[in-house]
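Undergrad: Sequence and computational prediction follow.
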Amino acid sequence: MTLITSISGIRGTIGGIPGEGLSPLDIVKFTSAYAIWLKKKSGKTKPKVVLGRDARISGPMVEQIVSGTLAGSGVDVINLSLATTPTVEMAVMELGSDGGIILTASHNPKQWNALKLLNSDGEFLSEADGDMILALARKEEFEYSEVDALGNIFAETGMNDYHIQKVLDLPLVDISAIRAAGFRVAIDCVNSVGGTILPALLKKLGVMEVIELYCEPNGEFPHNPEPLPENLTAISKLVKEKSADVGFVVDPDVDRLAIINEDGTMFGEEYTLVAVADYVLSKTPGDTCSNLSSSRALKDITEKHGGSYFASAVGEVNVVHTMKQHKCVIGGEGNGGIIYPEIHYGRDALVGIALFLSHLATSGIKCSELRKSYPVYQIIKNKVSLSADSNITEILSALELVFADEQINRTDGLKIDFKHGWLHLRRSNTEPIIRIYAEAVTQAEAAAMIEEVMKHISEIKK
């Protein structure tokens, strides 16, 4: 069993001994801590929380425990039940809520679930707020409300329609062009909440035909739910068999978007953000942001449009902070996460789909041809295992000296920029390992960079 706590929430495998998995007692403990923090943060005796979940099998059970615990803590609950992560984020703002909880383990397999915690802006918590909640959970000094002060639980069923309409209302979403293109679109929603909202969005966008794969929100994931190429063979085959113009794949909570070309090849999740940013920047010039482990292609596209690119530490909350700091017009992460401030500060696959289809429709070319129009880079990911007593900070500092003649960034671990590519090394939050990412024009060049830095690490460890 596994239980992992971090500033953005609590995730783990369902069941097991309390403290070792995400058991009912763990769910109560962390929900109670969040309720205490929320009351202090809002200054209200009865704050309001939006609650939503993806379709995984444990969802109804976790939903009942969380909503009951919040009500028992004197917090009103607006329960969306099945809802995407971006839908919950937008609902927090639209409904004037003091916070939100999303029950989703994102791309993790079905035995996992999690509590993702939001502030009153519908955004993930700051490090300080997250640490405060974890400290409250460790103390377990909980006091629940008496009968007349219990919170109420309300059902809210209109937020999917609200979310879709907000996407349709975006000035850069070109419904006329999409309708005129007569697109046939295939979708894989991994039997989660995407199946409840993507077909409706696509039809309102004017897509001629929606070809649905795994759109029954029953939580029985038919394949590994992370939208990586090795997990997308069925949708790739379907796109070709049905002569679809494009395929879209989302993860269980619909904040990541992968794209399949009309010939069944992968557009590449690193290039989801690149393509959408290209379209946005062509209409509204400005600056962009992604995390340090995302493709250099976004920087190339941004500079082509006359803007500046900014890199943040890994993590959505860090990307959002940097985007706000530099007033970026678009940003996100190389895992297919699109953050478009025009609608809200959160990764949103619905926004990504609408903007990408607008781009594809107005470009007048095939999806595979659009992909070929972008700079070609290859990313390789690796890791180095260390002994428990290894000093990762000292290792990274020693590597900084080795590569002192290159461009160095220490925002999050160690990022080394070369003329032909880059290396990013960062410590794992959960294991004694260093994660290593490398990008270059070819896989051979990226692999050579990783081999070189691993040799240096071996020498430093001696």
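TA: Perfect, I can see it now.

Undergrad: Going by C-alpha atoms from here, please, whenever you check contacts or count neighbours.
TA: Noted.

Undergrad: ok so Lys29 is a strand residue?
TA: No. Secondary structure assignment (DSSP: H, G, I helix; E, B strand; the rest coil) places Lys29 in helix, not in a strand.

Undergrad: Contacts only, for it.
TA: Under the criterion of C-alpha atoms under 8 Å, 6 or more residues apart in numbering, the contact list for Lys29 reads 137, 140.

Undergrad: Return the distance of it relative to Val274.
TA: 41 Å (C-alpha to C-alpha, to the nearest Å).

Undergrad: And the helices in the stretch 51-200 of the chain, which stretches?
TA: For the stretch 51-200 of the chain, the helices defined by DSSP state H, counting those that start in this stretch cover 59-72, 85-94, 127-139, 159-168, 175-181, 194-204.

Undergrad: Mean neighbour count, those helices: which tops it?
TA: Highest mean neighbour count of the helices of the stretch 51-200 of the chain: helix 85-94, a mean of 24 (counted as mean count of other C-alpha atoms under 10 Å).

Undergrad: tell me what that helix is packed against?
TA: Where contact means 3 or more C-alpha pairs under 8 Å, 6 or more residues apart in numbering; DSSP states H and E, helix 85-94 is packed against strand 48-53, strand 99-103, helix 159-168.

Undergrad: 10 Å - rerun?
TA: strand 48-53, strand 76-82, strand 99-103, strand 112-118, helix 159-168, helix 349-363 (3 or more C-alpha pairs under 10 Å, 6 or more residues apart in numbering; DSSP states H and E).

Undergrad: nearest to Arg256, of those?
TA: Nearest to Arg256 among those is helix 349-363; the distance by C-alpha to C-alpha comes to 5.6 Å.

Undergrad: Let me see the ranges of the strands in the stretch 201-350 of the chain.
TA: Secondary structure of the stretch 201-350 of the chain (DSSP state E, counting those that start in this stretch): strands located at 209-213, 246-250, 257-260, 288-291, 309-312, 330-333, 337-339.

Undergrad: can you dump the C-alpha coordinates of the third one into PDB?
TA: These are the backbone C-alpha positions of strand 257-260, laid out as PDB (Å, rounded to 0.1, in the frame of the first residue of the first chain):
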ATOM      1  CA  LEU A 257      -4.500  16.300 -23.500                       C
ATOM      2  CA  ALA A 258      -2.800  14.000 -26.000                       C
ATOM      3  CA  ILE A 259      -3.400  14.300 -29.800                       C
ATOM      4  CA  ILE A 260      -3.400  11.600 -32.500                       C
END
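
Undergrad: can you tell me which of the helices of the stretch 51-200 of the chain the model trusts least?
TA: With a mean of 93, helix 127-139 has the lowest mean pLDDT of the helices of the stretch 51-200 of the chain.

Undergrad: Distance from that one to the middle of the chain?
TA: Remark: helix 127-139 is offset 22 Å from the chain centroid, using C-alpha atoms, centre = their mean, to the nearest Å.

Undergrad: Also stretch 107-122?
TA: On C-alpha atoms, centre = their mean, the centre of stretch 107-122 falls 10 Å from that of its chain.

Undergrad: Quick one: residues in contact with the worst-scoring helix or strand of the chain on mean pLDDT.
TA: Every helix and strand of the chain was ranked by mean pLDDT, DSSP states H and E. The lowest is strand 3-6, at a mean of 76. If you take C-alpha atoms under 10 Å, 6 or more residues apart in numbering as the criterion, strand 3-6 is touched by 10-14, 16, 18-23, 26, 30, 112-116, 127, 130-131, 133-134, 429-430.

Undergrad: ok, it: who's next to it in the sheet?
TA: Applying DSSP bridges, strand 3-6 is found paired with strand 9-13 (antiparallel).

Undergrad: Quick one: low-confidence residue ranges for the protein.
TA: 1, 7-8, 429-431, 462 (pLDDT under 70).

Undergrad: so who does Tyr162 touch?
TA: Counting by C-alpha under 10 Å, 6+ apart, Tyr162 has contacts 87, 90-91, 94, 168.

Undergrad: Make TSV out of the residues you listed and add distance to Lys203.
TA: Formatted as TSV, the contacts of Tyr162 follow (distance: C-alpha to C-alpha, whole Å):
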residue	distance to Lys203
Thr87	18
Met90	21
Ala91	22
Glu94	24
Leu168	11
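
Undergrad: Sort out which of the contacts of strand 3-6 are buried, if you could.
TA: 10-14, 20-23, 26, 30, 112-116, 130-131, 133-134 (16 or more other C-alpha atoms under 10 Å).

Undergrad: Grab the nearest non-local neighbour of Leu168.
TA: Of all residues not flanking Leu168 in the chain, Leu205 sits nearest, at 7.1 Å (C-alpha to C-alpha, 6 or more residues apart in numbering).
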